[in-house]
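> mind looking at a prediction? Sequence and model below.
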Amino acid sequence: MMRFFAGFLMALALGCATEGYRIKNQNLSLGDIKRAVEAAIGEPRTISENQRTFYSQYFSRKPDPKFDPVKSKERAYAKVVILGDRRPYEVDVEVLIEVRDSRGYVQSGTDLSEAKKVGKEIRAKLNLSREDRNVIDDFRAF
């Protein structure tokens, strides 16, 4: 019984782990976070039905001006998930790598360094949106 419980806790801990970058304690509104994510990753390729998971366009991990996401041997994309049902929110960033084989593209892993780059870009956009919020302070009744 004890082995089963220990195994269950280990599986639970490993199952929830992502190989990415987490931005914690974001006290901005959900709309502000979505705008910051879209500003950082560009026009999303797809957005989930609940508007909290964003998939970026495909990109190359190496600077390549001739990158073609349909013909390249390897491509990457960012998956950004906004977690929490109310403030403060958390933002998970994961960069997934796909490799082309005979059947098409298959996922081959993740890239933590690229996830950190994208996550830091999102964090910078979130900080900018904080600085720009002064609607109440600038409002003058007369």
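Everything's here; your move.
> and the helix ranked longest in the chain, how far out from the chain middle?
For the chain, the helix that runs over the most residues, judged by DSSP state H, is helix 112-131. Centroid separation for helix 112-131 versus its chain: 10 Å, with Cα atoms, centre = their mean, to the nearest Å.
> pull the residues that contact it.
With Cβ atoms under 8 Å, 6 or more residues apart in numbering as the test, helix 112-131 has contacts from 19-23, 26, 28, 32-33, 35-37, 39-41, 56, 61, 76, 78, 80, 91, 93-95. C-beta coordinates here come from the backbone N, C-alpha and C atoms, glycine included.
> strands paired with the longest strand anywhere in the chain, and their directions?
Under DSSP state E, the strand in the chain containing the largest number of residues is strand 89-101. Using DSSP bridges, the strands paired with strand 89-101 are strand 21-26 (antiparallel), strand 74-83 (antiparallel), strand 104-110 (antiparallel).
> tell me the angle of that strand relative to helix 112-131?
If you take axes from the mean of the first three to the mean of the last three Cα atoms, to 10 degrees, strand 89-101 sits at 140 degrees to helix 112-131.
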